[in-house]
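**Q** One predicted model, sequence on top.
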Number of protein chains: 2
Amino acid sequence: MKKINIGLVGFGTIGTGVVRALKERNSLLTKRSGMQLVLKRICDKDITQRKTVNVDRSILTKNIDDILNDKEIDIVIELVGGIHPAKEIISEALKKGKHVVTANKALLAECGLELFRLSNSQKRDIYFEASVGGGIPIIRSLKEGLVSNKFAAIYGIVNGTSNFILTQMSQQGISFKDALRDAQKRGFAEKKPTLDIEGFDSAHKLIVLAQIAFGKFVKLSDIFVEGISRISLDDIKYATELGLVIKLLAIAKKQKDELELRVHPTMISKQHLLASVDGAFNAIHLSTDMVGDLLLYGPGAGQNPTASAVISDVVSLAEKVNSSSMFVPFNFEQTGGRIRRLRKIDQISTRFYIRFMAIDKPGVLAKISGVLGKYNISIASVSQKERRRAKIVPVVIVTHEAKERAMRLALERLNKLAIVRESVAIRMEET
Amino acid sequence: MKKINIGLVGFGTIGTGVVRALKERNSLLTKRSGMQLVLKRICDKDITQRKTVNVDRSILTKNIDDILNDKEIDIVIELVGGIHPAKEIISEALKKGKHVVTANKALLAECGLELFRLSNSQKRDIYFEASVGGGIPIIRSLKEGLVSNKFAAIYGIVNGTSNFILTQMSQQGISFKDALRDAQKRGFAEKKPTLDIEGFDSAHKLIVLAQIAFGKFVKLSDIFVEGISRISLDDIKYATELGLVIKLLAIAKKQKDELELRVHPTMISKQHLLASVDGAFNAIHLSTDMVGDLLLYGPGAGQNPTASAVISDVVSLAEKVNSSSMFVPFNFEQTGGRIRRLRKIDQISTRFYIRFMAIDKPGVLAKISGVLGKYNISIASVSQKERRRAKIVPVVIVTHEAKERAMRLALERLNKLAIVRESVAIRMEET
């Protein structure tokens, strides 16, 4: 039986899950794959820390060269995270003839093109199932299962932390702050939660998905990113009354030769499958030209789901070991059809939910809708909600499709009015 | 660039979709896969019929040997359907060193073990993404994406016809008969719909899923199969009142070393993701030990979705062409853990929804619940619905978990009572 040697770099939470699974499931994996997977070396900067899985101490090292220079190691798993030295480790591994498995969405988002080109020239593959959607097999579905499809749109709930917080707010009726604190207590949110709650983690994942689906390598700065920290319980309540749900969506849409990519809180119909994705779960909704609409749903993070994805890549790459003569790279560049330009957020049109906190006196609605009208924003429905604070009432407006730029200018103007104390705008999607 | 020659057997609806996609998407597929896919030969018993795609007539043949004996053909796509001669075609293709793609769930359900063993001994693969879930990449998700997982349960809506009919009944308030007629008009149901509406198509697909997930090869006769033809509008209405939805589910559950497989109309909570799967869509819900719960959703049939799945297999196999020396088969046998026995339906326990049409007189509820009690069937709720026919009223009972055998015996007894005119029992699942 063919023996495949693996080197693991990064012995943290996910690494521990990978090591445990490779150990405890070795015979299952051998049976299913017809190969023997051997974890030959583990590298981490701290190898003294006690882990929840027992490993032979002789395979632990602090020296990355013990993996990179080991000619018997066929596959390197990078679970270091961040840009440096993860990028250097992956590059060196490819150059030394090793296939690479990584879960590093930030790195792929920032340096994907460079790394995939190196992969092609070295005839060694980079697999990254764990980078998006945790245990959901979304990457191989895009690359392989849907290989003949052109993609029209991707809508993803790809950040479990944000989705958990929004779900708690909605189901428990608690504020964003309280929901965040709860998520931190339960280990669903980091102490420094910015990357998750401000949408950047979702944006990294969107970039990775767009690389595969559209063959386009986009920078984070090209993407409009807005997080969930300004979402209030009021807006969740009014959304519910409108039959809508607020989700942090990563959105990619291709129209003709233009691609738009954005991450923001989005109101969708509660009938939509994505609306039922609760808690820390993730889901990716795809619109493709041959298959039509698809949805993949599952746990978007966590030790075991992520380890499962990493190991699926190891098994797939194990089949490729020693087959460099027939190396067939997945071509990531411009395979989704020509893309002439990225749409800037200002050029995008959506429907909007807007809430104003306005002084309750005659003519307020007329005043507000008058300003919106001047910017060609047409109103689908208006409702003035119950008074709660003296003289300040919430006014909720749902618009027809409106240009982002027009909405921004209209809100700037409205916010200057004496009668308007606060305004919130949330984009809507029909999907 | 590597050229891969393909032979297609069966030029019907799906075949036409495959031919069109291979033609119109050739450059996309070449770019993405790094290989050139050439459709070298098409075999069908009728090659005179006009198709909606243009093909060079010289590649058409009525003689299967033109494909089987062509040494340049690397991959054979079998879209003939049925057991014979599909089985012989696949067997011969494997023996002649060709990889095989098939969409034939009936064949895999009946002869899977034999064919996969032949595949292993010939070091040529059989891929079958299109056999379950149409365009949903469920097979490669099970085989590859979740390769390290043990499966606890599968719940599948895998027959689009039945799901379309149930959705129409529920949303339009029309009878089973009318919904079936509507489905036939729209091309969602065959003129002879038995295979779909009586659950046998779902059972074939369940057998295929169980082969991968549990490594167990089961006969159709080992599976309890009940279709949707007895589902009435009343039961759909009462289900709605209880917050439940009726779906035709294909269910596989492994508990310790026992496996249960069954197909039947099932009431599930309307909160469950599967409850939102409407129309001709399919979805498969998986419970796995590493990842947890997953759901894959998409079009379960149709020319283009199915062709997409077929082509994904062609591309994956194209990578394997000429690599027979490193052929690594997916081991299908008993890789899901030891299974000592299949549970017979009589040994299974579920909750039940039961509806009786009973004569409306004092003591009816007491009588019915008394009989249920004698069979150790405990009642969670009872409601006597409005009268509609003189003196005959619907009585709806939801039970706690009850043994299938006990329920069957209790119903036999109850049906003999003079006060009971009709009874319907539908299993419930929490999933």
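**A** That came in fine, so what should we check first? Residues are numbered from 1 along each chain as shown, chains lettered A, B, ... in the order given.

**Q** Now do stretch A:261-276, average pLDDT.
**A** Mean pLDDT, computed over stretch A:261-276, is 96.

**Q** List the buried residues of it.
**A** A:261-268, A:272-276 (16 or more other CB atoms under 10 Å in any protein chain shown). C-beta coordinates here come from the backbone N, C-alpha and C atoms, glycine included.

**Q** repeat for stretch A:235-242
**A** The neighbour-count criterion (16+ other CB under 10 Å) identifies A:Asp235, A:Ile236, A:Lys237, A:Tyr238, A:Ala239, A:Leu242 as the buried residues of stretch A:235-242.

**Q** Would you mind putting those into JSON lines with secondary structure and pLDDT alongside?
**A** As requested, these are exported to JSON lines (DSSP: H, G, I helix; E, B strand; the rest coil; pLDDT from 0 to 100):
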{"residue": "A:Asp235", "secondary structure": "helix", "pLDDT": "97"}
{"residue": "A:Ile236", "secondary structure": "helix", "pLDDT": "97"}
{"residue": "A:Lys237", "secondary structure": "helix", "pLDDT": "95"}
{"residue": "A:Tyr238", "secondary structure": "helix", "pLDDT": "96"}
{"residue": "A:Ala239", "secondary structure": "helix", "pLDDT": "97"}
{"residue": "A:Leu242", "secondary structure": "coil", "pLDDT": "96"}
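
**Q** Which phi and psi values does the closest residue to chain B within the stretch 151-300 of chain A adopt?
**A** When you check the stretch 151-300 of chain A against chain B by CB to the nearest CB, the closest residue turns out to be A:Val291, at 3.3 Å. In terms of degrees, to the nearest 10, the main-chain angles of A:Val291 are phi -80, psi -30.

**Q** Now do the same contact list for it.
**A** Remark: with contacts taken as CB atoms under 8 Å, 6 or more residues apart in numbering or on different chains, A:Val291 is in contact with A:Leu146, A:Asn149, B:Gly134, B:Gly135, B:Ile136, B:Gly298, B:Pro299, B:Asn304, B:Pro305, B:Ser308.

**Q** what about chain A, any weak spots by pLDDT?
**A** Scanning chain A with the threshold set as pLDDT under 70 gives A:324-329, A:334-336, A:387-390.

**Q** and if we set it to 50?
**A** Per-residue confidence for chain A (pLDDT under 50) gives no ranges below the cut-off.

**Q** how is it carved up into domains?
**A** When chain A is parsed with automatic domain parsing, its domains come out as A:2-134+A:303-326, A:139-300, A:346-428.

**Q** right, and these - which one's nearest B:Phe116?
**A** Each of the domains of chain A was checked against B:Phe116 via CB to CB, and the shortest separation belongs to domain A:2-134+A:303-326, namely 12.8 Å.

**Q** Contact residues of the stretch 101-250 of chain A facing chain B?
**A** Contact residues, the stretch 101-250 of chain A versus chain B (CB under 8 Å from any CB of the partner chain): A:129, A:134-137, A:140-141, A:144-150.

**Q** so which of those residues is the most crowded?
**A** A:Gly145 (32 neighbours; other CB atoms under 10 Å in any protein chain shown).

**Q** Pull the contacting residues for that one.
**A** A:Gly145 makes contact with B:Glu129, B:Pro137, B:Arg140, B:Ser141, B:Ala309, B:Ser312, according to CB under 8 Å, 6+ apart.

**Q** and it, how far is that from B:Phe151?
**A** A:Gly145 sits at a distance of 19 Å from B:Phe151 (criterion: CB to CB, to the nearest Å).

**Q** Next: A:Gly17.
**A** Counting by CB to CB - A:Gly17 and B:Phe151 are separated by 19 Å.

**Q** re earlier: identify those among the contacts of A:Gly145 that sit within strands.
**A** Using DSSP state E, the subset of these located in strands is empty.

**Q** Please produce TSV containing these, extended by distance to chain A.
**A** What follows is the contacts of A:Gly145, written out as TSV (distance: CB to the nearest CB, whole Å):
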residue	distance to chain A
B:Glu129	7
B:Pro137	3
B:Arg140	6
B:Ser141	4
B:Ala309	8
B:Ser312	5
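
**Q** all helices of chain A, in order?
**A** A:13-24, A:26-33, A:65-68, A:86-95, A:105-122, A:138-140, A:160-172, A:176-185, A:194-197, A:200-214, A:233-241, A:303-320, A:364-374, A:404-415 (DSSP state H).

**Q** okay, the ones you listed in a markdown table with distance to B:Arg413 next?
**A** Formatted as a markdown table, the entries for those read as follows, by distance: least, CB to CB, whole Å:
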| stretch | distance to B:Arg413 |
| --- | --- |
| helix A:13-24 | 49 |
| helix A:26-33 | 47 |
| helix A:65-68 | 70 |
| helix A:86-95 | 69 |
| helix A:105-122 | 61 |
| helix A:138-140 | 52 |
| helix A:160-172 | 44 |
| helix A:176-185 | 52 |
| helix A:194-197 | 59 |
| helix A:200-214 | 58 |
| helix A:233-241 | 47 |
| helix A:303-320 | 48 |
| helix A:364-374 | 67 |
| helix A:404-415 | 68 |
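
**Q** just to revisit the earlier point, any chance of the domains of chain A in JSON lines with distance to B:Glu401 as columns?
**A** Compiled in JSON lines, the domains of chain A are given as follows (distance: least, CB to CB, whole Å):
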{"stretch": "domain A:2-134+A:303-326", "distance to B:Glu401": "29"}
{"stretch": "domain A:139-300", "distance to B:Glu401": "26"}
{"stretch": "domain A:346-428", "distance to B:Glu401": "43"}
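
**Q** picking up where we left off before, right, and the helices of chain A - which one's nearest A:Val80?
**A** When the helices of chain A are compared for distance to A:Val80 using CB to CB, the nearest one is helix A:86-95, at 4.6 Å.

**Q** gap between that closest one and the chain center?
**A** Remark: helix A:86-95 is offset 24 Å from the chain centroid, using CA atoms, centre = their mean, to the nearest Å.

**Q** What of stretch A:224-241?
**A** Using CA atoms, centre = their mean, we find the averaged C-alpha position of stretch A:224-241 to lie 19 Å away from the chain's own average C-alpha position.

**Q** Kindly report the same for stretch A:156-171.
**A** Here stretch A:156-171 shows a centroid-to-chain-centroid distance of 12 Å under the convention CA atoms, centre = their mean.

**Q** before we move on, what about stretch A:231-248?
**A** Per CA atoms, centre = their mean, the displacement of stretch A:231-248 from the mean C-alpha position of its chain is 22 Å.

**Q** same deal with stretch A:307-321?
**A** 21 Å.
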